[in-house]
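generate coordinates for the sequence data below:
(2 chains)
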Amino acid sequence: MLARRMASTMSASSAALTFELVAKCSTTRARASIMTLPHGPVNLPLFMPVATQASLKGLTPEQLENTGCRLCLNNTYHLGLKPGQEVLDAVGGAHKFQGWNHNILTDSGGFQMVSLLKLATVTEEGVRFLSPHDGTPMLLTPEHSISLQNSIGSDIIMQLDDVLVTTSPDKERMREAMLRSVRWLDRCIAAHKNPDRQNLFCIIQGGLDLEMRRECCAEMVARDTPGIAVGGLSGGEAKDDFCRVVGACTQLLPELKPRYVMGIGYPEDLVVCVALGADMFDCVWPTRTARFGNAITKFGVLNLKREMYAADFGPIEKGCGCPCCRPVEEEGSMGITRAFVHHNAAKETVAAHLLTLHNVWYQLNLMREAREAIIGDRFPAFIRAFFSQLYPDRQSYPSWAVDALRTVGVDLIET
Amino acid sequence: MTNDGQEEPTAMVFEVLKAAIIDGSAARLGRMALAGRRSVDTPNYLAVTSRGVVPHMTPDNVGKHLHSAGVYMALEDFIERPQQYSKRPTPIYDTPTSQGRRPLHSFTAMPPEFMTVLGARRIPAVLSPMGNSNASISIFTSTGYQVLTTKEYQTAVETLRPDIAIPLADLTHGPITPTSKRALRMAERTDEWLKNWFAAEDASADELRQRDVAIFAPVLPVSYSIQWEYLERLSEDLSTRIAGLAVYDPDVLPDLLSDYANLAALPRLSVSAPTTPHHILRQISLGLDAFILPFVNLVSDAGIAMTFTFPPSPTATPSLLPLGVDLSSPSYKTSLAPPSPGCTCYACTAHHAAYIHHLLAAREMLGWTLLQTHNHAVVAAFFASVRAALAQGEVAFEDAARQFALRYEPEFPAGTGERPRARGYQFKGEAGGEVKPKLNKPAWGKLDGEDGGLGLTRVRAKKEVAPAVAVAAAAAVADKVVESAVEGGGRLETPPCPG
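Predicted structure coming up:
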């Protein structure tokens, strides 16, 4: 079977974003596309590493650029605290501030509500919380969030949403949060000053209730934002529920808009979500786990702090093309061994930087390879190869992944 | 990696290009060449590594942005014996020697153009409670104090094959000047050890790496009159076997040079850890060629961007200029100027002071990476200018050095920002010394003295509450953190922030 290679280019444009669908998998719902933003084009599907405080955990922008990254995240919440809006305005935005000439996406600060919920109260007006700096009460409104993101100048900005943990049993509160997120989207759109150079994405809410999610999809799609995110997930819900929500949402979303599933980062999750029709992902896990001495490889996560790696003079991952692992004869290779990372893990920050570099490369490369597979219409084979490398046998495949992939026509168990 | 051929074990070549002829200056220009490495013009400096890395700089950044002559590494950074695995062979000794790369280079992924200098101890070294014996010294590894015998050290040098090795010297490392009795023993032991070093080398096959590793003989930090017998041996028996001098006290040099002319042609490496460019200039005048400079890393950790140039640019201001600026200062909050105007390093061309200020305030690791890039560039440029002045003649150099002394403050500013998280092993309580005060405020403590349902929360916001108690508790907490890091269970990160 041939991929449904788009005969005539299917694309859609809004003021600051062009979305071009390049190919669709003939089996699953996976898509390959090009999203052109004010700071250049990016290929989807895509993983976006998180530079929380305008810095990707020890990597220079030059090093990040060399991994092939063209779109990374900043956190509005953190940038609002440090350096603060005044500084961002004075400096002229986050790109200039951090010396990054490619695209930036900022979240709204809403996710931080989940983690700060004990201190935060949500009202129709916004989120009230105590400043982590000096304990003074602060109010984050949709208008304030957008104003901050306008100052940041990120290429993609996110609406402020009312985030609940998906596992919350309170259906009424969940529905209230969903409806409030829709109302806040309207306030965000109204407050957004730069629609010509910043793309406001809406965020689908509704917890694990598919009906509520569908209702939210319909409401938000009607508002015609340049891109659409599925939010409120990766908050501890069962993986089956998570996949059901992603699957339900992608089915309802317009084809010619980028779909961003927020907070997703494990390689299995990325591959399954791509099969379910999602395009963009972000997560701090790859960079955070690097600082704990963990390397992500196609054979699973290795904790290089373990004694077994003390005298292992192989590369972090054989066959990997990152600057750490590349064969030492090749241009730009550092010739890093597992033994060297082990030697410095938790002792010198350089070990963390090296693993961060490797892990970011791994995640970006996984999506690059998925994209090539989609274009070549071998994505189901790609999925099978991916899982067979990750797990010793089919019996140990996670059932949530097997079930989710069955819904899009890929059976990992039967061949 | 350009070196795919076998590195030929050839002698290090040092030539003096221009030596001072005026009184009161022994400054000179030279060139050091080692097979497979970038040839190095002297005076020059070596960056100090910690556990084989230039702190905060990954090897690719070292290759691109570091312009030192090479790096200094300490064997004690590599040979710890973790308690659970005390029987395991030391991993670094098993480093494969593929592509003819030297094991020390290979293990540490050091770019091939940089020369490596190996010594037993970090510079500066932590004072050990045990002291040295007749055939061993006491070292401080990440898992604690350990004994290093002269024999093990020599084997390590032969196995790891640094470009340059400094044989063991009997040093006290303490702040107190050793008594004359102790000083005499230092000289005797070092003499004995160096004699045995070359005797052992002879015992092994002759053709085997006779000059594979250049040996820089230690010149001790004791008065000339106490170590003259040892220096005489260097001059009479060993002058053809040693490739250079590792000078622990530059003030011994004038006497040494006047008495032993045959040692004058050797390169002189300063291992006395000068703390400012003023000290460096004085030592250059005394005739030192290369410098191991731990202060560069410390200044970066303090959030200081160096701003000095040599010779100082003529300005009208009558007051002294600072050697560096404290980027933690709020005045840099929105400064789009480079950390040091006119500097051409990566940090100054791609970034601005406001960003580094933010990174320091947010304790993002990149802040120190950029400062390292910049400060090492400033020091490299300083040495390049010193060489340029020397090329004009030592009068020009001594003039410029005098201007420098008059123009710049004597010390670097202290730096008000927080330091990077100390990994412990290099700061732990020293024998006989008091516990060092913690540089950083504790990151975590209890909210209002109780676990307010949130687990631990940052104490930064409430540091004014009961400072005495908080400091005492914080010191205890910090000690625990340090210990867990030492045992390999430590983490580089504070617990995850929200988001």
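
hmm, A:Phe313 is touching B:Thr97, no?
No. With contact defined as Cβ atoms under 8 Å, A:Phe313 does not reach B:Thr97; the gap is 10.5 Å. The way it works is simple: take the backbone N, C-alpha and C, and place the C-beta from them, glycine included.

who touches stretch A:337-344?
A:293, A:295, A:302, A:304-306, A:309-316, A:350-351, A:354-355, B:51-53, B:78, B:91-92, B:95, B:107-109 (Cβ atoms under 8 Å, 6 or more residues apart in numbering or on different chains).

filter those down to just the ones in helices.
By the criterion of DSSP state H, membership of these in helices covers A:350-351, A:354-355, B:107-108.

who wins on neighbours among those residues?
A:Leu354 (32 neighbours; other Cβ atoms under 10 Å in any protein chain shown).

quick one, what contacts that one?
A:316, A:324, A:334, A:336, A:341, B:58.

could you work out the most separated pair of the residues you listed?
Farthest pair in the contacts of A:Leu354 (Cβ to Cβ) is A:Ile316 and B:Thr58. Separation: 13.1 Å.

buried ones from the contacts of stretch A:337-344, can you make that a ChimeraX selection?
Those of those that count as buried under 16 or more other Cβ atoms under 10 Å in any protein chain shown are selected in ChimeraX with:
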select /A:293,295,302,304,305,309,310,311,312,313,315,316,350,351,354,355 /B:51,52,53,78,91,92,95,107,108,109
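
what about the chain, any weak spots by pLDDT?
The chain I'm using is chain A. A:1-9, A:113-119, A:415 (pLDDT under 70).

wait, chain B was what I had in mind.
For chain B, the ranges with pLDDT under 70 are B:1-10, B:202-211, B:422-439, B:443-499.

longest helix anywhere in it?
Under DSSP H, chain B gives helix B:365-392 as its longest helix.

just the buried positions in it, please.
Those would be B:365-383, B:385-387, B:389-390, for helix B:365-392 by 16+ other Cβ under 10 Å.

now do it: distance to the chain's middle.
Offset of helix B:365-392 from its chain centre (Cα atoms, centre = their mean, to the nearest Å): 15 Å.

check which element follows that helix along the chain.
helix B:394-407 (DSSP states H and E).

relative to helix B:365-392, how tilted is that following helix?
Inter-element angle recorded for helix B:394-407 and helix B:365-392: 140 degrees (by axes from the mean of the first three to the mean of the last three Cα atoms, to 10 degrees).

mind listing what's buried in helix B:394-407?
In helix B:394-407, counting by 16+ other Cβ under 10 Å, buried: B:394, B:397-398, B:400-401, B:404, B:407.

A:Ala352 is in contact with A:Gly58, isn't it?
Yes. Judged on Cβ under 8 Å, A:Ala352 makes contact with A:Gly58 at a distance of 6.1 Å.

excluding chain neighbours, what is closest to the residue lying farthest from the centre of chain A?
Most distant from the centre of chain A: A:Ala311, at 35.0 Å, with distances by Cα atoms, centre = their mean. Among residues not flanking A:Ala311 along the chain, B:Pro91 sits closest, at 4.1 Å (Cβ to Cβ, 6 or more residues apart in numbering or on different chains).

give the contact list for that neighbour.
Counted by Cβ under 8 Å, 6+ apart, B:Pro91 has contacts A:310-311, A:339, A:342-343.

what's the answer for B:Thr42, then?
Contacts of B:Thr42 (Cβ under 8 Å, 6+ apart): B:28-32, B:69, B:267, B:289-290, B:387.

report the two of the contacts of B:Pro91 separated the most.
Top of the distance list for these (Cβ to Cβ): A:Ala311 and A:His343, 10.0 Å.

what's around residue 23, how many residues?
Answering for chain A, as no chain was given. Neighbour tally, A:Ala23, other Cβ under 10 Å: 22.

other chain: chain B
6.

quick check: it vs B:Ser285, distance?
Note on B:Asp23: its distance to B:Ser285, by Cβ to Cβ, to the nearest Å, is 11 Å.

re the thing from before, just the contacts of B:Thr42: which are in strands?
B:28-32, B:290 (DSSP state E).

quick check, A:Glu65 in a strand?
No. Assessed with DSSP: H, G, I helix; E, B strand; the rest coil, A:Glu65 is helix; it does not lie in a strand.

would you confirm that it contacts A:His102?
Yes. Assessed by Cβ under 8 Å, A:Glu65 is found in contact with A:His102 at 6.9 Å.

now the terminal residues of stretch A:272-285, how far apart.
17 Å (Cα to Cα, to the nearest Å).

starting at the chain centroid, how far to that stretch?
6 Å.

buried sites along it?
So for stretch A:272-285, counting by 16+ other Cβ under 10 Å, buried means A:272-285.

got it, and stretch B:260-279?
Result for stretch B:260-279 [16+ other Cβ under 10 Å]: buried residues B:260, B:263-264, B:266-279.

closest to chain A among the contacts of B:Thr42?
In terms of Cβ to the nearest Cβ, no member of the contacts of B:Thr42 lies closer to chain A than B:Ala69, at 20.5 Å.
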